[in-house]
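# Predicted model follows, preceded by the sequence.
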Amino acid sequence: MDIDIKALKQLVKEREMQWERVVVAIEEALLAAYKKNPGSSPNAQVKMDRTSGHIEVKVTELDAEELEAEVPALLVAVVVNV
């Protein structure tokens, strides 16, 4: 996915907003949307290239030991949020 950087920068300038805050807000919103998908990874990261506007979602795969360590924490998070 790519964002039109020229248009985004113009909008930021017109609205007198801070460039970095807007980029971080976009990244956080896209990550939140990604995490709403069934089977999404809790270890995902979203990064926007500040020059090209290209968006990447990076997912780190867990090995068996890391997964065993994560499962209890995820279960606690689910129980607490119920």
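That came in fine, so what should we check first? These numbers were taken from a predicted model, which means no experiment stands behind them. Residues are numbered from 1 along each chain as shown.
# When you work out contacts or count neighbours from here on, use the C-alpha atoms and nothing else.
Noted.
# From residue 43, how far out is the residue lying farthest from the centre of the chain?
With distances taken from the mean C-alpha point of the chain and given as Cα atoms, centre = their mean, the most distant residue is residue 14, at 25.7 Å. For residue 14, the distance to residue 43 equals 35 Å [Cα to Cα, to the nearest Å].
# now the most centrally placed residue in the chain, what's its secondary structure?
With the centre of the chain defined as its mean C-alpha position, the nearest residue by Cα atoms, centre = their mean is residue 31, 2.7 Å away. Three-state assignment for residue 31 (DSSP: H, G, I helix; E, B strand; the rest coil): helix.
# give me the number of residues near the closest residue in space to it that isn't next to it in sequence?
In space, residue 31 comes closest to residue 46 once its chain neighbours are excluded; the distance is 5.8 Å by Cα to Cα, 6 or more residues apart in numbering. When counting by other Cα atoms under 10 Å, one arrives at 18 neighbours for residue 46.
# Likewise for the one 10 residues further on?
Using other Cα under 10 Å, residue 56 has 15 neighbouring residues.
# dump the residue contacts of it.
Contacts here follow Cα atoms under 8 Å, 6 or more residues apart in numbering; on that basis residue 56 touches 1, 46, 47, 48.
# Equivalent analysis for residue 23, please.
48, 50.
# hang on, it in a helix?
Yes. According to three-state DSSP, residue 23 belongs to a helix.
# hmm, back to that, which of the contacts of residue 56 lies closest to residue 8?
The shortest distance between residue 8 and any of the contacts of residue 56, using Cα to Cα, involves residue 48 and amounts to 12.3 Å.
# can you count the residues close to residue 38?
Summarising burial for residue 38: neighbours were counted as other Cα under 10 Å, giving 7.
# show me where the chain has strands.
Per DSSP state E, the chain has strands spanning 45-48, 55-58. These are given in chain order.
# Reformat those as a markdown table; add mean pLDDT and distance to residue 18.
Listed next are the strands of the chain as a markdown table, based on pLDDT from 0 to 100; distance: least, Cα to Cα, whole Å:
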| stretch | mean pLDDT | distance to residue 18 |
| --- | --- | --- |
| strand 45-48 | 92 | 16 |
| strand 55-58 | 90 | 19 |
